[in-house]
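Chemist: Please find the sequence and the predicted model below.
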Amino acid sequence: MGNNDKISPYQCSVLVIMTLIGIGILSLSSSVADKAGPDGWILIIGGGIASLISAWMIATLCSMFPEDTVFEFSEKLLGKFFSYLITVILLIHFVTFDAFEIRVFGEVIKVFLLDRTPIEVIIISFIITSLYPVRHGIEPLARLSEIFGFTVIISGLLLYLANISNMDLTNLLPFLRTPPTKLLTGVFATFLSYLGYEITFILAPHISDVTKLRSSVIWGVFIVMIFYLTTVIVLLSVFGVIENKHMIWPLLTLGKMVDFPGLFLENLESLVMTLWILTVFTTFAPFLYTASVLLAKLFNSKEFNYFPVALSVVIYFLSLIPQNVVELYKLIDLFSYYLGTFVVFVIPLILLIAAKIRGYKMTG
Amino acid sequence: MKNFKKLLIFLLIFLLLPLYGCWDLKEIQQRAFIFAIGYDKYEMGEPLAKETKPQQEAEKKGEEGEVSKAGQKNHQIPESANEQYRWLVTIAFPNVKKFGAQGGGGGGDQETARFVVTTVGIRGHEAVRELNTRLNKFVDFGHTQAVIIGEEYAKDKDLFKELMDGLEREKSMKRKVRMVVVKDGRAQDLMHLKTIFEPVYGSYIRGIFSMASNNILTPVEDVNTILRELHESDGNTLIPKITYGENDFKISGYAVIKDYHLIGWTEDIETRPIRILRNNVGAGIMTVDVQGIQVPFDITLLKTSKKVVVEGDKITMLVKIKSEGNIIGHSMGIIGEVFDTKYIETVQKALEEKIKKEVTDVILKFQNQYKVDAFGFGDYIKKFKPDLWEKVKEDWDDKGFPNLDIRVEVNAKIRNIGLVR
Amino acid sequence: MRIIKRKRRSSDQARYDSSNQNMNSMEIMEKVPSEKSLDSNLEYIKGKLKDCSDIVYREFFIGEEKEWRLILIYTDGLVDKSFISDFILKSLMFKWDDNIIKEKSAEKIYQNVKNKAVAVADISEIEDLNEALLAVLSGDTVLITDGTNKILKLSTRGWPTRGVEEPNADVLVRGPRDGFTETLRFNTALVRRRIRDPKLKMKAMKIGRRSQTDVVIAYIEDIVNREVLQEVEKRLNSIDIDAVLDSGYIEQLIEDNWKSIFPQVQSTERPDKVTAALYEGRVAILVDNTPFALIVPVTLGTLFQSPEDYYERWLIGTLTRIVRYGASFLAIILPSLYVAFTGFHPGIMPTQLTLFVAGTREDLPFPIVIEVVMMELAFELLREAGIRLPGPIGEAMGIVGGIIIGQAAVQARIVSPLMVIVVATTAIASFAIPSYNLAIAYRIYRFILIVFAALLGLYGVVLGAICILTHLICQKSFGIPYLAHFITYAEGSKKDVIRAPMPSMHKRPGFYTQTNKVRMQDKRKEEFESIEKGGGQDGQQ
């Protein structure tokens, strides 16, 4: 909304980092332990590399069109029909994942913090809080990510450090006993956690220096990969493979393990919860913003403020569709395998090829 | 339009205000913070035994009123025609009045420091929740310190499995909760004891466990370790053992759990080699006989490492124990004898022998009598020699483990000998 | 006679043209040219100042035969009467050269008066009667000479004023103890003393239709942020109010967002704070009749700064800053955390503490939220009462009253002791914040957070915190983001969050201004770096 709605490359990186780190991180070690046992951490690296490739594609693509969002440049590359199609697909992508995000969030809050509060209240209050910065543009979101990112990452590392005495690195053995085919298919399980950099599709007009767009996005994904790797290694060492598989949200249980009564620290899980609320916020809000921008483009509207509200209503109702946690996660897996992969791999690839054919070059 | 939206939001918040506290806000004094919870096996038709002391005494005096009639003792059992109760749950929670500032005006001596309440149910969850038919507080597990399991209960496979799952699934319980199994008794009886040291059981038990770094006869395991071992080995673990007397109790030794139920006990002294083998010794004292004098050795460091050697079909496990410590006692009248390298070496040798014997004995016991690999040998092979593990993992506890050839090597060093020669 | 219509159009232009830098653009009084006849001038002035008993008309004559009539007009109470007697009247009444008198030229008399007779340091010539009126009402003396339409304005201001004292609100341990007073000229002097640079500019204007309050915009020409300066002038010029009683009026009329609780303009009584701000490239607004000067733009980080941080060594400054940040965090969030933890998640607190809290709350009549709100309101009451009571009683009242009431309430078992501690700590923490306006903002947000906590526990507190943060992030003060200190905005942003050592403070904070960044060359920095790189060091300085 502001006339200077630009973010710096550093802010872009942080935005990408915080958008990526969302609900995925909670169950990350559980799903990788399930797919590959003690070699689960390799899946993280695999997922990270795949995401880096995809992010590279998207960022390269966007750097070729410094003033355009995906809506505009896909029209230039493939014509009006495809641009509408792609935008609609992206819109669905952002909206559904936002709904998932917030539903999982609500469920976890109910389990750990607010037992009796109706989940609708939790969801609505969260959506309303997100509407505030979203309506002000990308800049507040980037700044919020800066502030929160710093806090979350440092606190996360501190939490891991506090658990060093509980870690047993031998839990990561035996090494490389998982058949490679399992490893490859297992990588898909990490995709949900790595989703988020596709907001780059609309970031090009907002960044102060387009030549740095690609490097900042790549850095962002890379740092997330390192962070996820650390998390998974810590969780696998503390709980072991079988327990990780058994737990739904191992990261939150980690908070229960910290116990220094002399140091006034006991059940840290509530602290972990607080940080995690911030993290989900910085995932939910950018997605909502991106979706609103895309919707606004579809309707060719200058007036931005109504779209976030409209989408919020849609997201609210979507999020209440799954009947229980089990159904929820099954749906998430389904969507991230198919829709997610399509959005981050197929679409950029097609567009990139089209761009190369038409001879577009990266700026700078 | 903007103003209208703001008005809407304000109205929304306003409407929400009267609802405050209708969801999750509970007054803190309305919560009963369970410090210790005990589980026993229950047969339908059994009377629930003891209530707290005041009621018992009232009974003895033969007073009429709420407590004297024998039939009313069973009023604590939820009446039902069809439900089959199997769990007997005892909870102990402190009387918070004693913890407030100034101890509370009229609190004084008449108030007990803690309350102990018993109930039964099909499973612990509804049993505890339905306590609210008698209890005017919300039961809260956030500060549970100890879980106490009765012997009979531990012997029952189904009950044990249910309990373990409950502990894992329960979102409010800490993972560092301590678990103990009662030998020769019921959890209920233990929890009704009035101990001389501290009335609040949960803290007492937990406090004893925290002494484990200071002595070698106290076991160290907490729920997290136990759960992990149960998962990894599909049903085997060691749970610390507790025994009680008139007015105190002792935590030492282990209950051996195989295939999700209790199969035996270890001696108190055996805690020593077990802790050594599991490599979680902090400090402790061992006494060795050196040429007729009983010399105590104060352990300051004890590290155990394992190694596996494969020769063809034969698997040999090497256990290397390294220890350091001080001599803290001798016998008066013999001046200067301890301050002698040869003597030190003799003591060291004796120590090594003793440790080796204890450890070997305990290993044999677990191999032959219990057939439970409680020391992580299988785990080690699985991690470091996965191909080997593939061959032997079938029925490890019953076949592979007992046939393992385990050699123990001990290296003990004495660092200092106190103040005199 | 007055030619109203023509003049009005031109003054209309002046009023609505906001780029008009003329200091009199605030005036909506028309220009009324003076006449040659003293009587008609006098008639006009007396007519306007009818029923003003404090205006003095001192008529006198020059010449032995009273050839020339002159009149002095001034406001009793606003002028330094002895000055008038000594330096104006006396010098006007001595013997005049007959030649000049005989010349019978009013103009000559006037020139003589102006150049030779009146020994006043500051005079100016005016030909507009309304201007003359304003001058009289401002404390100047006006000298009208019969026969000429030129009126002399003599600066004779002198009114009762407080001496330069230590400001009450902004107290330091180390640092200058002079504070602004209610006289604009003294205040500008205090600033000018500290910046003996001709680039320090002080633009004057008058704001307020009836009050005609003198306002000065001060800035250093080659450091200041041009855009901010323009914005300040624009906003000040667009103020249309009848009176400005305090700089607070101006503050509220020029701030970015009147709906926000956070202050977007800094106000201070300390000249050294103003000077430091000017050196950073900011703009100061000094207002007559109030010792509180305004500084714009401001960021949240600046509100946490105290000049003492810079007068003392950096380590002390850093530690104090950290304490302040911690205090402000506590001040806003402690009561709501208390509600959230006690009511919703007692599992978080250490066991002993939980038992203690539960024990103290046994048998209390009020639920947690009511208790918290009650205690907070009680403290607010005490605070207000403390301000109203005179002098030392007031301060003592606040503290002692709080303690006594708290103690009594605990003993009567109405509130729990921990509650009292929480509220008292919060109150004390809010006093640690250097800026008073900020502390007030906190009070309101505290209540909002308590409501959030009561509804949704810790989750509510976090949501509330996010809302506040978002608000802060979107807030701008004259174009500079409110949180500029804490986020990447420009070079040097994050350096001042915690006071960095002197050698590294060689550039001005980048977010206030982009020009003229280097302010210090410290050889020690190079020395320091060469020690790090080299190892061997020759000079033992």
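Modeler: Good, I have the coordinates. Numbers count the residues shown, from 1 in each chain, chains lettered A, B, ... in the order given.

Chemist: what sits against residue 35?
Modeler: If you meant another chain, say so; for now it's chain A. Counting by Cβ atoms under 8 Å, 6 or more residues apart in numbering or on different chains, A:Lys35 touches A:Leu43, A:Lys182, A:Thr185, A:Gly186, A:Ala189. (Each C-beta comes from the backbone N, C-alpha and C, glycine too.)

Chemist: The chain in question should be chain C.
Modeler: Neighbouring residues of C:Glu35 by Cβ under 8 Å, 6+ apart: C:Asn41, C:Asn149.

Chemist: Any figure for the gap between it and C:Ile151?
Modeler: Separation of C:Glu35 from C:Ile151 (Cβ to Cβ, to the nearest Å) stands at 10 Å.

Chemist: interface residues of the stretch 101-250 of chain A facing chain C?
Modeler: With the criterion set to Cβ under 8 Å from any Cβ of the partner chain, the stretch 101-250 of chain A comes near chain C through A:109, A:113-114, A:117, A:121-122, A:125-126, A:129, A:132-133, A:136, A:139-140, A:143-144, A:146-147.

Chemist: If you rank the contacts of A:Lys35 by neighbours, which is first?
Modeler: When neighbours are counted by other Cβ atoms under 10 Å in any protein chain shown, A:Leu43 leads the contacts of A:Lys35 with 27 neighbours.

Chemist: Spell out which residues sit in contact with it, please.
Modeler: Residues in contact with A:Leu43 (Cβ under 8 Å, 6+ apart) are A:Val32, A:Lys35, A:Ala36, A:Leu183, A:Gly186, A:Val187, A:Ala189, A:Thr190.

Chemist: tell me the pLDDT at it?
Modeler: A:Leu43 carries a pLDDT value of 88.

Chemist: any idea which helix or strand carries it?
Modeler: Element membership of A:Leu43, judged by DSSP states H and E, is helix A:40-63.

Chemist: before we move on, the earlier item: filter the contacts of A:Lys35 down to just the ones in helices.
Modeler: Counted as lying in helices by DSSP state H, out of the contacts of A:Lys35, are A:Leu43, A:Lys182, A:Thr185, A:Gly186.

Chemist: so what's the nearest residue to the second one once chain neighbours are set aside up against?
Modeler: Meaning A:Lys182. Nearest-residue entry for A:Lys182: A:Ala36, 6.1 Å, with adjacent residues in sequence omitted and distances by Cβ to Cβ, 6 or more residues apart in numbering or on different chains. Residues in contact with A:Ala36 (Cβ under 8 Å, 6+ apart) are A:Ile42, A:Leu43, A:Thr178, A:Lys182, A:Leu183, A:Gly186.

Chemist: Quick check: the last one vs A:Leu229, distance?
Modeler: Meaning A:Gly186. Noted for A:Gly186: a distance of 15 Å to A:Leu229, by Cβ to Cβ.

Chemist: Kindly list the main-chain dihedrals of the closest residue to C:Gln475 other than its chain neighbours?
Modeler: For C:Gln475, ignoring the flanking residues on the chain, the nearest one in space by Cβ to Cβ, 6+ apart is C:Tyr482 at 3.8 Å. With angles defined as degrees, to the nearest 10, C:Tyr482 sits at phi -70, psi -30.

Chemist: From C:Leu337, how far out is C:Tyr482?
Modeler: Note on C:Tyr482: its distance to C:Leu337, by Cβ to Cβ, is 25 Å.

Chemist: which stretches of the stretch 201-350 of chain A have low pLDDT?
Modeler: Counting by pLDDT under 70, the stretch 201-350 of chain A contains low-confidence residues at A:259-267.

Chemist: so what's the closest residue to chain C within the stretch 101-250 of chain B closest to, chain neighbours aside?
Modeler: Residue of the stretch 101-250 of chain B nearest chain C, by Cβ to the nearest Cβ: B:Gly142 (2.6 Å). Closest residue to B:Gly142 apart from its sequence neighbours, by Cβ to Cβ, 6+ apart: C:Gly347 at 2.6 Å.

Chemist: Since that was my last question, I'll sign off now.
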